[in-house]
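[1] Here is a sequence with its predicted model. Questions after.
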Amino acid sequence: MSKVKYIIIAILAITLCQGCGVYSFTGTNISPNTKTFQVNFFQNQSPRIFPGADQRFTNQLQDLILNQTNLDLVTSGGDIIYEGEIVQDYVAPNTATSNITAAQNRLTIAVNMRFYDTKDSTQDLEQRFSFFFDYPASQSENAVRDEALQIIYERITQDMFNATLARW
């Protein structure tokens with residue numbers, strides 16, 4: 001009877017181990033052959049130009065990939081390459097008051113991204129990502145811009161990461 005018990009435990013252990021497979025805690029789906037990544041400068045080509053916004057976005061994307069993968073950042077010849085441009089940066093009234101004035105404004109930023117996987121070109125992707133930040137109309141855009149960019153860029157870079165490396 002104890003021999004049957006050990007066989008059942010062994011079968012259960014094998015089944016559990018096979019079910020787990022290879023798993024990444026960040027949810028990435030990166031080929032084992034991919035060792036490096038490159039993020040080219042995302043130039044601001046929107047009608048409104050704010051100094052440093054493009055460099056801040058580029059750095060935030062690099063930091064996200066460095067923190068969530070074990071890939072090495074390179075300046076050229078990367079196994080995977082991100083490039084693109086900031087194409088929209090605008091503010092529009094979002095909600096109105098009874099006096100037909102804006103109660104809230106919305107800052108929206110959009111980024112065109114091109115992703116190239118030099119090891120597997122079927123993974124290449126070109127997509128537009130955008131996000132927004134709402135703030136009270138009583139505040140100026142300059143007063144909230146740093147916070148807004150942090151939130152917007154965090155969301156856009158995470159969406160880019162999910163679309164390219166997590167594949168969801």
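    Looks like it came in fine.

[2] how far out from the middle of the chain is the longest helix seen in the chain?
    When the chain is scanned for its longest helix (criterion: DSSP state H), the result is helix 141-161. Mean-position distance between helix 141-161 and its chain equals 11 Å (Cα atoms, centre = their mean, to the nearest Å).

[3] which helices and strands does it pack with?
    helix 53-68, strand 102-117, strand 125-136 (3 or more Cβ pairs under 8 Å, 6 or more residues apart in numbering; DSSP states H and E). For the C-beta atoms, the positions are set from N, CA and C on the backbone; glycine is no exception.

[4] Give me the buried positions along that helix.
    144-145, 148-149, 152-153, 155-161 (16 or more other Cβ atoms under 10 Å).

[5] Out of those, the closest to Pro136 would be?
    Nearest to Pro136 among these is Val144, at 8.6 Å by Cβ to Cβ.

[6] Could I get the contacting residues of the residue lying closest to the closest one once chain neighbours are set aside?
    Excluding its sequence neighbours, the residue lying closest to Val144 (Cβ to Cβ, 6 or more residues apart in numbering) is Tyr135, at 4.5 Å. Neighbouring residues of Tyr135 by Cβ atoms under 8 Å, 6 or more residues apart in numbering: 104-105, 107, 141, 144, 148.

[7] same question, Thr34
    Contacts of Thr34 by Cβ under 8 Å, 6+ apart are 71, 79-80, 117, 119.

[8] Return a ChimeraX selection command for the buried portion of those residues.
    Buried members of those, defined by 16+ other Cβ under 10 Å, are picked up in ChimeraX with:
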select :71,79,80,117
